[in-house]
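**Q** Would you be able to build a 3D model of this:
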Amino acid sequence: MLVSMMALAATLTLAGEAVAQAEQTVVMSNMSYGKLPAGLKVGDTITWTNRDTVPHTVTARDHSFDLRVAPGRSTKMTLTKAGAFPFFCTYHTMMRGTLTVAPK
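**A** Model prediction:
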């Protein structure tokens, strides 16, 4: 009985952690950002993957983040602040979007 209760507690803890921190991926290809994830929260992680043959950036207009992503590479970013964050690629200004992040 005690072992079952401990297993249940461990399962609930793991489930709570999975909900608290989500991992999302945004693929950059054909000179554009792919579909941006909805329902982002502080603590979530976004993996930015560049499938183009040229470098890209993910640069916040307010300068709160500035990621460089080489061709064929990926980089991760953990969201640390709630709000709406317009961003763009410094090399290709037609590439832009907005991340909307809710509190935890």
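**Q** what's the neighbour count on residue 50?
**A** For residue 50, the count of nearby residues is 23 (other C-beta atoms under 10 Å). Where you see a C-beta, it was placed from the backbone N, CA and C, and this is true even at glycine.
**Q** what's the answer for the one 10 residues further on, then?
**A** Counted with other C-beta under 10 Å, the burial measure for residue 60 works out to 15 neighbours.
**Q** again, but for residue 22
**A** Neighbours of residue 22 under the rule other C-beta under 10 Å: 15.
**Q** And for residue 92?
**A** Neighbour count of residue 92, defined by other C-beta under 10 Å: 16.
**Q** which SS class is it?
**A** With DSSP: H, G, I helix; E, B strand; the rest coil as the basis, residue 92 sits in coil.
**Q** Who are the contact partners of residue 54?
**A** Contacts here follow C-beta atoms under 8 Å, 6 or more residues apart in numbering; on that basis residue 54 touches 71, 91-92.
**Q** Same check on residue 30?
**A** residue 52.
**Q** any idea which element the most centrally placed residue in the chain lies in?
**A** The centroid of the chain falls nearest to residue 46 when counting by C-alpha atoms, centre = their mean (1.7 Å). Element membership of residue 46, judged by DSSP states H and E, is strand 45-50.
**Q** Give me the mean pLDDT for that strand.
**A** Regarding strand 45-50, the rounded mean pLDDT is 98.
**Q** ok, now stretch 69-82?
**A** Rounded mean pLDDT across stretch 69-82 is 98.
**Q** got the contact list for residue 81?
**A** Residue 81 touches 42, 64, 101, counting by C-beta under 8 Å, 6+ apart.
**Q** so what's residue 76 closest to, chain neighbours aside?
**A** Nearest non-adjacent residue to residue 76, counting by C-beta to C-beta, 6 or more residues apart in numbering: residue 47, 5.1 Å away.
**Q** Let me know whether the one you found touches residue 25 as I believe.
**A** Yes - applying C-beta atoms under 8 Å, one finds residue 47 in contact with residue 25, separated by 4.6 Å.
**Q** Could you name every residue contacting both of the two?
**A** By C-beta under 8 Å, 6+ apart, no residue touches both residue 47 and residue 25.
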